[in-house]
Every structure is written in C-alpha cells, then in structure tokens.
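# Give me coordinates for this.
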Amino acid sequence: MVEKVHKKLNDSPVARWSVLAIVSLTMLCGYFLTDVMAPMKSLLEEELGWGSADYGFFTSAYSWFNVALFMLIVSGIILDKKGPRFTGVLACVLMLIGCSLKYYAISDYFTMTGEIFGWPARVMVAAIGYAIFGVGVETAGITVTKIIARWFKGYEIALAMGLQVAVARIGTTIALSVTVPIAKYFDSLSAPILLALVLLCIGLISFLVFTVADRRLDASIKETASPEDSFQMRDILSIVKNKGFWLVALLCVLFYSAVFPFLKYATDLMVNKYDVPVELAGNIPAMLPFGTMLLTPFFGGLYDRKGRGASIMILGAILLIVVHLLFAMPFLNVWWFAAFIMVILGIAFSLVPSAMWPSVPKIIPQRQLGTAYALIFWVQNIGLGGVPALIGWVLETYCKTGDAAKPYDYTIPMLIFATFGVLALFVALMLKAEDKKKGYGLELPNIKA
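Numbers count the residues shown, from 1 in each chain. Down below sits the predicted model:
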C-alpha cells in the first residue's frame, strides 16, 4: 500500500516516453524555422539584393534579445519560479510572433523602403522577427531540457536528451532539404516561412497536450515535495560560483559556435567551393542533422549505461577540429568528399551534446536547473549571435574572388571554425580534470541501480 502511494507518474516508461515524444515535436517545429533561411543565402542575394554582411547581420539577430537584454536569464528564472507549463506556452507564443514578423518582412506584402539604423528596412524587420523568435525557441529549449531532467531523473536521461535532440534535428534536416525547392515551386521566398508558421501552431498544440500530463506528475509527487526544493534568487550566485558550470558553459559556446553558424553558411560553401547547384546544395548540410538523429541517442544510451561523459566530449571536440581543417584544405573539391566530411561532423555533433546536457544535473541541483540551463544558453547565444556576423564580415571584406559563379573563398571562415574547435578541446580536458577533482560523476553511468 505504501509503495502505491509513493509511486510517481514518471515511474511509468509509457508516461515518460510519451512526454518526450510530445515536447520533442514542439522543438522540431521550432528548429525548422531556425534554419529555414540558411539554404536561401544565394537566393536572397539574387532576388532581394542582400549581401553577405546583410545576411550575417540578419542571422546574428537570433541572439540579440537573448544576450543584450538578458532575456534567456529572465526566462530561466521564470522557468524555475513558474514551472515548465507556463514558460513553455509563453515560449511557443513568442515563436509564433517572431515567425509572423519574419514572414511579413520576406513576403511581397512588405512595402517599406529606405534604411533603419543603417540597414535595409526589409533586413532590419526580418532581423527583429528572428530576434523575437530566438527568445522563444531558446526559452523552449531550456524548458524542454528541464522537463526531461525532471521526468527522466534516475532513468535514461542521456538517451532521452539525445532522442530529443535527434527529433529536433529532423526540423533542421527538413529545412535544409526542402526550403529552396519550396521557394522555387511557389516562386516565393516567403513560402517556406509560411510553412514554418503552420508547424509552430502544431508545436503549440503539442505542448498544450504536455501540460495535461505534467499536472498529473505534480499530483503524483505532491506528497514528497519539500520547501527546500523551491528555487531562491540566491541560487543564481551559487550557480555562477561553480567552476564546473562555467566549464560546461564555455564548452557549449565554443562547440556550438563551430556548428550552428557553420550551418548558416554551409549551403553557400557547397556552391562556392564544391560547385554544387544551389537547388541541391542544401542536401549535403542536411546530412549533418540526419547523422545526429541516429548517433546522438546511441551515444546518450552509452553514457547512461557505461558513463565516460567527459571523455565523449573530448572525442567530439577532436573530430570537430579535423572536420573544419578538411573543409579549409584546397583539395578534393568534389561533392562526395564534402558529404563525407559532413558525416564526420555529424558524429562530432552527436558526441558532445549527448554527454554535455545530461552532465549538467550532476553539477547543479534540480531546483536550480532551469536557471543553470538558461545561463548556459545565454553564454551560447553570445557565440550564436556574434559568429555569424563575424563570418559575414570576413566573407565581405577578405574572401571575395571576383568570380560571379563562385564569389567567395571559404578558407578563412573554415579556419575560424577550426579555432573554436581547438579551444573547445582545451575546455573539455579542463572539465575532465575538474570532474576528477570534485567527483561530479561525469565518467559514471546515469542509470541508478
């Protein structure tokens, strides 16, 4: 009888895996819009007159409000104070608002001319929409991460986080693969963004379904809740004083700065270096998220059963360096070699996130997780905002070739991405040393006997 009273809803495999599927669908819909403009860089230049600097400025807008206005940190505090249900719905609404504004800016309905703060009006309005969306999707990211940590604590947490990442990457894969064909079929650059708006509505409905299950989880654990489990504002100080936290945050920003900004330019790289037609160029970068869909759950399950989380992150950083150096080398400029390198990058991109995100609950207490993840995402957004603008400026300033068919040489940008990989490797080694010193258990399995 006692055992029945204390049984929690997440003790049921069906319940927790169903919740994972529901919230992962929301993230899939968000990630589609995140990368929907990436394959259209060349089309934006041809049809709307955007330069590489304009594109880099627009792409950097993703992190404007998250970083400059500290919106991610605010979101993390809201998450820990108000809970995942309120915060997740708020995130979905922000994504819808941002997507709507972005659609308007790219569509034929947009009639504004001139400049806003020195940038073309269309570029600026699209960037503001992307910035609002960026707040929403990053807030959704920390919310879903905390949801998984809550529902899978003591169970298959790394596998669950890996599967969530894998499902979300399906959105990236679809965006990179179908955006240009859809835009050309409908003869409209805004058509793929309209599709994204529809998907975000589906994502909101999906998250509303989750809120019902989460209320039932609250009811099942009500008897064991205690006052010390609630978040306090002073917890922020204890988080930022934790060296292990900062090593994870630095690893995150360095690693993701060498992947996500790269994906924004990867289609253009295929056109300029590997002579792939623009209609097909997005299919090669799409192989990266496809690889992560298969391998991230595998490495997450390996971490759950065998441990070695810090070692997995080190291996991922090494592969990241190798990949970007190969992209920088002036040989084998053929599509099949680019596809092969992209598969290797997919493996690297599977290794680090599969071990990094499940390691945070080993370093930070449960009640502080929302704010901790928000702080990590805030640091990450510094890279996600700054690096695309940097790459766009470098291309415009140093990498023009004068060849109309292949206007840019991507050697310098690839070396910049490789440098981020080298720095990530050093931080991963420092994290392993800190784990050995503090006993976080990063090299130990996640599943408790």
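
# buried set for the helix or strand where Leu315 lies?
In the assignment (DSSP states H and E), Leu315 maps to helix 309-328. Using 16 or more other C-beta atoms under 10 Å as the burial criterion, the residues of helix 309-328 that qualify are 309-321, 323-328. C-betas here are computed from N, CA, C, even on glycine.

# sec struct for the residue nearest to Val379 when sequence neighbours are not counted, please.
Of all residues beyond its chain neighbours, the one nearest Val379 is Ala249 (4.4 Å), with distances taken as C-beta to C-beta, 6 or more residues apart in numbering. Using DSSP: H, G, I helix; E, B strand; the rest coil, the three-state assignment for Ala249 comes out as helix.

# what does Ser188 give?
What three-state DSSP gives for Ser188 is coil.

# got the phi/psi numbers for it?
In this entry, Ser188 is assigned phi and psi values of phi -150, psi 120 (degrees, to the nearest 10).

# How about Glu115?
Torsion angles at Glu115 (phi, psi; degrees, to the nearest 10) stand at phi -120, psi 150.

# do you know how far it is from Phe57?
With the distance defined as C-beta to C-beta, to the nearest Å, Glu115 ends up 12 Å from Phe57.

# quick one: which of the two has more around it?
Neighbour totals were compared for Glu115 and Phe57, and Phe57 leads with 22 against 11 (other C-beta atoms under 10 Å).

# my read: Ile376 touches Leu251, true?
No: between Ile376 and Leu251 no contact is recorded; they are 9.4 Å apart, counting by C-beta atoms under 8 Å.

# avg pLDDT for the helix or strand hosting Cys29?
Using DSSP H and E, the element containing Cys29 is helix 13-35. With pLDDT averaged residue by residue, helix 13-35 scores 94.

# Would you mind identifying the next helix or strand past that helix?
On the C-terminal side of helix 13-35, the nearest following helix or strand under DSSP H and E is helix 41-47.

# Give me the helices and strands touching that next one, please.
Contacts of helix 41-47 with other secondary structure elements, assessed using 3 or more C-beta pairs under 8 Å, 6 or more residues apart in numbering; DSSP states H and E, are made with helix 52-60, helix 260-272.

# which residues sit against the next helix or strand after the last one?
Going down the chain from helix 260-272, the next helix or strand is helix 278-281, by DSSP H and E. Residues lying outside helix 278-281 but in contact with it, judged by C-beta atoms under 8 Å, 6 or more residues apart in numbering, are 39, 42-43, 180-181, 184, 267-268, 270-271.

# Which of those are buried, as a ChimeraX select command?
Of the contacts of helix 278-281, the buried ones go into a single ChimeraX selection, burial set by 16+ other C-beta under 10 Å:
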select :39,42,43,180,267,268,270,271
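
# Among the contacts of helix 278-281, which one lies nearest to Ala53?
Out of the contacts of helix 278-281, the one with the shortest distance to Ala53 is Asp268. That distance is 13.5 Å, counting by C-beta to C-beta.

# tally of neighbours for the nearest residue to the closest one once chain neighbours are set aside?
On the basis of C-beta to C-beta, 6+ apart, the spatially nearest residue to Asp268 that is not a chain neighbour turns out to be Lys41, at 4.7 Å. The burial count assigned to Lys41 is 26, neighbours taken as other C-beta under 10 Å.

# Likewise for Lys243?
Counted with other C-beta under 10 Å, residues neighbouring Lys243 total 13.

# Just the element for the nearest residue to it once chain neighbours are set aside, please.
Excluding its sequence neighbours, the residue lying closest to Lys243 (C-beta to C-beta, 6+ apart) is Glu434, at 6.0 Å. Taking DSSP H and E as the criterion, the element that holds Glu434 is helix 411-438.

# starting at the chain centroid, how far to that helix?
Here the centre of mass of C-alpha atoms in helix 411-438, compared against the chain's by C-alpha atoms, centre = their mean, to the nearest Å, lies 18 Å away.

# any idea of the angle that helix forms with helix 260-272?
Between the axis of helix 411-438 and that of helix 260-272 there is an angle of 150 degrees, by axes from the mean of the first three to the mean of the last three C-alpha atoms, to 10 degrees.

# For helix 411-438, list every residue counted as buried.
Of the residues in helix 411-438, 413-414, 416-418, 420-425, 427-428, 430-432, 434-435 count as buried by neighbour count, 16+ other C-beta under 10 Å.

# Run through the residues that contact the nearest residue to Ile363 once chain neighbours are set aside.
For Ile363, the nearest residue in space outside its immediate sequence neighbours is Gly244; the separation is 4.4 Å by C-beta to C-beta, 6+ apart. By C-beta under 8 Å, 6+ apart, the residues touching Gly244 are 363, 431, 434-435, 438, 440.

# Provide the secondary structure category for Ala404.
At Ala404 the chain is in coil, as set by three-state DSSP.

# On the pLDDT front, check Glu46 for me.
Per-residue confidence at Glu46 stands at 89 (pLDDT).

# Relative to Asp409, how far out is it?
Distance check for Glu46 against Asp409: by C-beta to C-beta, it reads 20 Å.

# More neighbours: which of the two?
Legend: neighbour count by other C-beta under 10 Å for Glu46 and Asp409, higher for Asp409 (17 against 12).

# measure that one to Thr401 for me?
Distance of Asp409 to Thr401, given as C-beta to C-beta: 5 Å.

# go on, Pro353?
Distance, Pro353 to Thr401, by C-beta to C-beta: 35 Å.

# One more: Val198?
For Val198, the distance to Thr401 under the criterion C-beta to C-beta works out to 39 Å.
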